[in-house]
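K.L.:
need a structure here:
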Amino acid sequence: MVQNVAKTSFIALENIGKSYLQPNGQTISIIENINCQLQVGEIIALLGPSGSGKSTLMRMIAGLIPPSSGKVLYYNRPLVGLNPGVAIVFQNFALYPWLTVLENVELGLKAKGEPKDTRLQKALRMIDVIGLDGFENAYPKELSGGMRQRVGFARALAVEPELLCMDEPFSALDVLTAENLRFELLDLWLERRIPTKSILIVTHGIEEAVTLADRVIVLGRNPGRIRADLPIALPHYRDRKSPEFQALVDQVYKILTNPDLPDAPSQTTTTTSTLEPKVSSQPKYQSLPHVRIGSMAGLLELLEGRQEKDLYRLAQELLLEVDDLLPIVDASKLMELVTVTEGDIQLSSLGEKFINCNIDERKAIVRDLLQQNIRLVQQIFQLLQAKRNHRISEELVLDILENYFTSKEAQRQLRTAMDWGRYAELFSYDEPSGEIFIEETTSETEDLE
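P.N.:
Next up is the predicted model:
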């Protein structure tokens with residue numbers, strides 16, 4: 001049990017990297033140089049923006065996918081195949097609809113070859129612990145979202161894993177159900193009623209991470225890497241309104257909103273949260289946050305005349321998680337419309353000018369910013385100008401992007417660049433032909449005639 005075990009490492013990641021070979025022969029790096037240890041008796045939260053490799057890293061720890069470089073050690077031995085000490089709770093419940101609650105919970109035990117009597121005993125015990133007594137013979141369609149996720153927890157815990165991995169387990173639930181289930185799980189952990197030595201939770205909620213975790217590992221992206229490994233020394237249960245709690249949340253916001261802040265050195269043990277310079281690989285190509293110009297304009301309007309500049313409190317007011325707010329902030333910074341310092345955000349002089357302009361003046365500002373700051377838009381515009389008919393296939397741009405991004409991400413990057421370019425009236429897009437083009441002006445049309 002947890003109370004009798006010293007804080008010892010049982011899973012270690014050594015120089016972990018993950019990359020994928022693209023159809024064009026290019027290798028895209030998703031994760032690089034991950035070094036850390038998971039210790040018995042702690043809850044660890046993996047936190048970072050979309051694309052930072054949180055779920056990929058968790059799946060490598062579970063042995064579902066192998067690393068491309070480095071190794072996962074399980075009790076000092078390289079992990080080969082599935083990790084026998086890990087069970088996973090997924091965000092989408094992942095229940096078999098034709099099986100009852102009891103049958104779903106028994107699945108993992110059955111896969112392990114547990115005898116029928118032992119399997120039934122363990123499954124019923126965990127159903128009782130997780131609060132599903134009376135629903136053993138119910139089918140998933142009869143259950144609410146919160147109850148379905150309880151089945152997922154019971155199934156994972158029934159196999160008595162050393163490490164319980166949870167991939168955004170509360171994201172598919174409504175706010176109140178998620179909050180209730182979050183604290184019920186914490187109760188079970190603190191009361192040592194669940195047979196697991198450690199918990200690893202992948203989350204995009206900063207407040208959730210600081211509420212639950214003993215350590216918060218903050219990941220960066222392009223490629224995924226550890227930016228900070230922060231111990232959380234506050235005792236459970238934590239007061240979210242306390243200055244200490246809010247200071248920790250602010251610290252995480254500061255790290256996430258300042259990609260130029262030096263990363264913490266990779267650690268095998270965590271004794272400090274001091275951020276020290278580290279040589280880290282830089283993105284090979286500018287990555288665009290996937291947000292619309294209208295979202296940026298909405299943020300600027302909210303910031304006008306606002307006294308409170310704290311990003312954490314702004315997120316609370318807007319009921320936005322980090323994956324929702326940070327892309328808008330990142331895009332606004334990239335366009336030089338806001339400045340972010342020590343977790344505080346405010347309008348830049350250009351941002352103030354933007355919100356006081358009419359629509360045509362706003363488009364002109366964005367047009368200038370795109371041509372100055374956004375490499376992909378610059379490239380598209382230059383390619384269009386080089387063509388006599390001012391038209392190019394989107395496939396040409398995708399071929400360029402797939403040297404730096406996965407095929408799916410290349411598509412998203414192109415869609416974002418086209419959205420921004422079309423807003424600024426730099427170019428247009430013809431979906432049936434898949435062509436990007438510059439619209440002819442009146443003078444150009446007359447010249448052709």
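K.L.:
any chance you could map the helices in the stretch 201-350 of the chain?
P.N.:
Along the stretch 201-350 of the chain, counting by DSSP state H, counting those that start in this stretch, helices occupy 206-212, 243-256, 293-303, 311-318, 322-334, 349-355.
K.L.:
and these, which one is worst for confidence?
P.N.:
Lowest mean pLDDT within the helices of the stretch 201-350 of the chain: helix 311-318, a mean of 77.
K.L.:
what's the angle from it to helix 293-303?
P.N.:
100 degrees (axes from the mean of the first three to the mean of the last three C-alpha atoms, to 10 degrees).
K.L.:
Skipping its backbone neighbours, what lies nearest residue 137 in space?
P.N.:
Using C-beta to C-beta, 6 or more residues apart in numbering and skipping residues adjacent in sequence, the residue nearest residue 137 is residue 100, 5.1 Å away. Quick note: C-beta positions are derived from backbone N, CA and C, even for glycine.
K.L.:
Quick check: phi and psi at the one you found.
P.N.:
Residue 100 adopts backbone torsions of phi -70, psi 170, taken as degrees, to the nearest 10.
K.L.:
does it really touch residue 142, like I thought?
P.N.:
No - under the criterion of C-beta atoms under 8 Å, residue 100 makes no contact with residue 142, lying 9.6 Å away.
K.L.:
Tell me which of those two has more neighbours.
P.N.:
Legend: neighbour count by other C-beta atoms under 10 Å for residue 100 and residue 142, higher for residue 100 (17 against 12).
K.L.:
Please list all residues in contact with the more buried one.
P.N.:
Counting by C-beta atoms under 8 Å, 6 or more residues apart in numbering, residue 100 touches 136, 137, 138, 139.
K.L.:
Equivalent analysis for residue 109, please.
P.N.:
So residue 109 contacts 118, 119, 122, 123, 158, 159 (C-beta under 8 Å, 6+ apart).
K.L.:
check which helix or strand covers it.
P.N.:
For residue 109, the host element (DSSP states H and E) is helix 101-111.
K.L.:
Would you mark the buried spots in that helix?
P.N.:
If you call a residue buried by 16 or more other C-beta atoms under 10 Å, then helix 101-111 has these buried ones: 101, 102, 103, 104, 105, 106, 107, 108, 109.
K.L.:
can the contacts of residue 100 go into CSV with extra columns for pLDDT and distance to residue 253?
P.N.:
Below are the contacts of residue 100 laid out as CSV (pLDDT from 0 to 100; distance: C-beta to C-beta, whole Å):
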residue, pLDDT, distance to residue 253
136, 89, 44
137, 91, 46
138, 91, 42
139, 92, 42
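K.L.:
Name the nearest residue to the spatially most central residue of the chain, ignoring sequence neighbours.
P.N.:
Central residue of the chain (C-alpha atoms, centre = their mean): residue 50, 3.5 Å from the mean position. Closest residue in space to residue 50, ignoring its immediate chain neighbours: residue 323 at 5.3 Å, by C-beta to C-beta, 6+ apart.
K.L.:
residues contacting that neighbour?
P.N.:
Residue 323 touches 49, 50, 204, counting by C-beta under 8 Å, 6+ apart.
K.L.:
Surely the second one is in contact with residue 204?
P.N.:
Yes - with contact defined as C-beta under 8 Å, residue 50 counts as touching residue 204 (7.4 Å).
K.L.:
And stretch 427-434, end to end?
P.N.:
13 Å (C-alpha to C-alpha, to the nearest Å).
K.L.:
Give me the buried positions along it.
P.N.:
Along stretch 427-434, these residues count as buried under the neighbour rule (16+ other C-beta under 10 Å): 427, 429.
K.L.:
now what about that stretch, what contacts it?
P.N.:
380-381, 384, 393-395, 418, 421-422, 435-439.
K.L.:
how about 7 Å then?
P.N.:
Outside stretch 427-434, the residues within contact range by C-beta atoms under 7 Å, 6 or more residues apart in numbering are 380-381, 384, 393-395, 418, 421-422, 436-439.
K.L.:
what does stretch 130-145 give?
P.N.:
With C-beta under 7 Å, 6+ apart as the contact definition, stretch 130-145 has outside contacts at 95, 97, 100-102, 127, 147-148, 150-151, 153-154, 172-173, 177, 184.
K.L.:
which residues of the stretch 51-200 of the chain fall in helices?
P.N.:
54-62, 101-111, 116-129, 145-158, 175-190.
K.L.:
sorry, back to before: what about the helix holding residue 109, average pLDDT?
P.N.:
Mean pLDDT, helix 101-111: 91.
K.L.:
Figure out how far that helix is from the centre of its chain.
P.N.:
Remark: helix 101-111 is offset 30 Å from the chain centroid, using C-alpha atoms, centre = their mean, to the nearest Å.
K.L.:
contacting residues around residue 62?
P.N.:
Counting by C-beta under 7 Å, 6+ apart, residue 62 has contacts 83, 86, 88, 165.
K.L.:
In strands only, show me these.
P.N.:
86, 88, 165 (DSSP state E).
K.L.:
Among these, which one is most surrounded by other residues?
P.N.:
Using other C-beta under 10 Å as the neighbour test, the ones in strands among the contacts of residue 62 are led by residue 165, with 27 neighbours.
K.L.:
quick one: that one and residue 85 touch, right?
P.N.:
No - with contact defined as C-beta atoms under 7 Å, residue 165 does not reach residue 85; the gap is 10.4 Å.
K.L.:
Domain ranges for the chain, per the record?
P.N.:
2-256, 293-437 (automatic domain parsing).
K.L.:
Perfect, I'm done here.
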